[in-house]
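>>> What follows is a predicted structure for the sequence shown.
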Amino acid sequence: MSCGDSALAFASHFDSVISYQLSVISYQLSVISYQLSVISYQLSVISYQLSVISSVISYQLSVISYQLSVISYQLSVGRWGSGEVGKWGSGEVGRRENK
């Protein structure tokens, strides 16, 4: 085997090693790509769940706000539950002094 043949054999072996390493790197990159797509999907599911939770909370807050406005109105009309109209707690209706 001549020196040239030896160099050619080494270069061929070196080529095959590099080719193998590149195929391993390519496979690892495809695995990483798949994992990133799974993470992306999971994030989109989480985003959807958060939007649903946000909508439910927003609706519940609007219901609470409405209920508070009803209670506020009832308290401003009269003693709540007494059936009387006037200043809250007094049972009086805008009293006038006769002079």
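Happy to help now that I have it. Numbers count the residues shown, from 1 in each chain.
>>> In this structure, what residue spans correspond to helices?
For the chain, the helices defined by DSSP state H cover 3-77.
>>> just for it, where's the confidence low?
By pLDDT under 70, the low-scoring segments of the chain are 1-5, 7, 78-99.
>>> And the residue nearest the centre of it?
Nearest to the geometric centre of the chain sits Leu50, at 3.4 Å (Cα atoms, centre = their mean).
>>> Gln21 versus that residue, what's the distance?
43 Å (Cβ to Cβ, to the nearest Å). To be clear about C-beta, it is placed using only N, CA and C from the backbone, and glycine gets the same treatment.
>>> now swap in Asp15 and tell me
The gap separating Asp15 from Gln21 is 11 Å, by Cβ to Cβ.
>>> swap in Tyr66?
67 Å.
>>> And for Val31?
In terms of Cβ to Cβ, Val31 sits 16 Å off from Gln21.
>>> repeat for Val70
As judged by Cβ to Cβ, Val70 and Gln21 stand 73 Å apart.
>>> Could you do Ser55 as well?
Per Cβ to Cβ, Ser55 is found 51 Å from Gln21.
>>> now Ile71
In terms of Cβ to Cβ, Ile71 sits 73 Å off from Gln21.
>>> and if you look at Ser72?
In terms of Cβ to Cβ, Ser72 sits 74 Å off from Gln21.
>>> what's the answer for Ala9, then?
For Ala9, the distance to Gln21 (Cβ to Cβ) stands at 19 Å.
>>> repeat for Tyr59
Tyr59 sits 57 Å away from Gln21, going by Cβ to Cβ.
>>> Likewise for Val52?
From Val52 to Gln21 the distance is 47 Å (Cβ to Cβ).
>>> Same check on His13?
Counting by Cβ to Cβ, the separation of His13 from Gln21 is 13 Å.
>>> With Gln28 instead?
From Gln28 to Gln21 the distance is 11 Å (Cβ to Cβ).
>>> For Ser55, grab the count of nearby residues.
Neighbourhood size, Ser55 [other Cβ atoms under 10 Å]: 10.
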